[in-house]
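A.B. asks: next come a sequence and a model predicted from it.
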Amino acid sequence: MMTKKTEKIHRINGVKVGFSDKKITSYGGFSLLAMFFEKTKFKEALKAIMPIVEVSPNAMKAEEKLLGFVTLIITGASRFSHMLYLGNPEIIKTVFGLKRLPLAATTLTRYFNKIQNAGQVNHISDGIWGHLKKVVDWSRIESDWLSFDSTVITRYGDQEGAERGYNPTKRGRPSHHPLLAFLNGSKIVLNLWNRSGNTSSANNIIDFFECCYHRVSKLIKVKGVLADSGFYMESFIEAIESKSLRYVITAKLYTTIQREIYATSTWTEVEAGLAITEFNYQHPSWAQHRRYIVVRQSIKKRKKALGRQLRLFDMDLDTHDYRYGIWVTNMTEDPLTVWRTIRLRSNDENTIKELKEDLALEGFSMTQFWATEAAMLVRCLVYNVLLVFKTHFLSETERKQRISTLRFKYFIIPAHLGRDSSSAWLRLSAFPQACRAKIQDIMDRISIYSIPNSQLHCS
């Protein structure tokens, strides 16, 4: 190890470059999150959600390990080994009120690998939801659509559950195939279940739906259910109908459905190159007929025409120049309103993209399946907590900005930890002056914040 006497001094444009032992960090903006976490009792929540009880009196506390992981996620890291590069750990420990902080990747991986069954993962999921029930201001939401989607996460090792299945970007590669639920308008991630890569999109969807509906049905009015074609199955539709809920689900273009579309002649032109129609149809194996909405877009008139072609009639000139989208629904509104409703699902796709790109949902993979799912759930918690942070303390425009943008605006701020005669001082180097004023305003807002539902039971 080099000492100060042996360190070689370099010069850049006449400036000496060396090293400092002063307590300096690149993440002074974590002080905003530390204030918010203190107000929302985030450390206590992290302690409660973990089912692992450490036996050794010298073991690091659960909240210390998990807060270390949370800070790692928010910095944009994607591997546990990135913990080594967060800079001076004393500052993070001091700001978040911790005695210890994990400094090695193995500290976190060993801890997560103690999660070894579905019951422990469910304990974590329920604990996370118990915290979110308290900190989300449900009076602001009142009503929302419950929506479902799945995504493919490519794996490159020998992880449990990493199997070959549908993988549009890396064909033939092993993957995981998690199932996700959202509150569509408010963009809250309600739940996540990890699954093997060779499972279908609809695998376990009914149990997943029941779990998610139970979580929110007493907090807000559920407008209905939105889902893509992976969940197009009568048993799921019947489960939704049993709750007297509306639904719009993308239908699969089976041969029988294509024939129904081809036979339809009553199209209503909505705008140039876009027409819509509807019909009732009953699959031979289904118990009853249902309403279908179809949108047809001209490839020639609309450069970004969405949908699929009717491959059954590929040579027919009447269908060759069009792309089609079809949805099954029990909504009674006009077809255009139904179509505009299902287009809200783009919110979910953007949320998945943000989880993957900004919070490394595809990273932090471990050999054990349940450990990997537990780490994924923590990232969903971080996403939701940052969503609450944006909702309460940032402007209307900034609430729509991605986490990666907020990271550079508010979290990556150079800072120095020192002392005065009475206490520790964290001095932020915020520039320009407008940024300093904004940070001060956020701190003022956090200082008077109180948990919206502090008395809400966490079942």
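C.D. replies: Yep, it's here. Numbers count the residues shown, from 1 in each chain.

A.B. asks: so where's the stretch 201-350 of the chain uncertain?
C.D. replies: For the stretch 201-350 of the chain, the stretches with pLDDT under 70 are 314-317.

A.B. asks: would you map the strands across it?
C.D. replies: In the stretch 201-350 of the chain, the strands defined using DSSP state E, counting those that start in this stretch lie at 221-227, 246-250, 268-271, 274-281, 290-298, 322-329.

A.B. asks: just the stretch 1-150 of the chain next, same as before
C.D. replies: Secondary structure of the stretch 1-150 of the chain (DSSP E, counting those that start in this stretch): strands located at 10-12, 15-17, 24-25, 143-150.

A.B. asks: for residue 252, the count of nearby residues, please.
C.D. replies: As a burial measure, residue 252 scores 14 neighbours (other C-beta atoms under 10 Å). For the C-beta atoms, the positions are set from N, CA and C on the backbone; glycine is no exception.

A.B. asks: so residue 393 makes contact with residue 446?
C.D. replies: Yes. Assessed by C-beta atoms under 8 Å, residue 393 is found in contact with residue 446 at 6.2 Å.

A.B. asks: what do those two both touch?
C.D. replies: Listed as contacting both residue 393 and residue 446 by C-beta atoms under 8 Å, 6 or more residues apart in numbering are 32, 36.

A.B. asks: max-length helix in the chain?
C.D. replies: For the chain, the helix with the greatest residue count under DSSP state H is helix 369-393.

A.B. asks: next structured bit after it?
C.D. replies: For helix 369-393, the following helix or strand on the C-terminal side (DSSP states H and E) is helix 396-399.

A.B. asks: tell me what that following helix is packed against?
C.D. replies: helix 369-393 (3 or more C-beta pairs under 8 Å, 6 or more residues apart in numbering; DSSP states H and E).

A.B. asks: and the helix it packs on, how far out from the chain middle?
C.D. replies: Relative to the centre of its chain, helix 369-393 is centred 7 Å away, using C-alpha atoms, centre = their mean, to the nearest Å.

A.B. asks: model confidence over that helix, on average?
C.D. replies: Averaged across helix 369-393, the pLDDT comes to 97.

A.B. asks: mind listing what's buried in that helix?
C.D. replies: For helix 369-393, the neighbour count (16 or more other C-beta atoms under 10 Å) marks 369-390, 392-393 as buried.

A.B. asks: could you pull out the helices for the stretch 101-250 of the chain?
C.D. replies: In the stretch 101-250 of the chain, the segments counted as helices under DSSP state H, counting those that start in this stretch are 105-112, 118-135, 138-141, 205-216, 234-241.

A.B. asks: just put these in a markdown table and tack on mean neighbour count and distance to residue 440.
C.D. replies: Formatted as a markdown table, the helices of the stretch 101-250 of the chain follow (neighbours: other C-beta atoms under 10 Å; distance: least, C-beta to C-beta, whole Å):
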| stretch | mean neighbour count | distance to residue 440 |
| --- | --- | --- |
| helix 105-112 | 18 | 34 |
| helix 118-135 | 19 | 23 |
| helix 138-141 | 14 | 25 |
| helix 205-216 | 18 | 36 |
| helix 234-241 | 17 | 48 |
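
A.B. asks: got JSON lines for these, with distance to residue 414 too?
C.D. replies: Converted to JSON lines, the helices of the stretch 101-250 of the chain look like this (distance: least, C-beta to C-beta, whole Å):
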{"stretch": "helix 105-112", "distance to residue 414": "25"}
{"stretch": "helix 118-135", "distance to residue 414": "29"}
{"stretch": "helix 138-141", "distance to residue 414": "34"}
{"stretch": "helix 205-216", "distance to residue 414": "41"}
{"stretch": "helix 234-241", "distance to residue 414": "51"}
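
A.B. asks: of these, which is nearest residue 360?
C.D. replies: Among the helices of the stretch 101-250 of the chain, helix 105-112 comes nearest to residue 360, with 13.4 Å by C-beta to C-beta.
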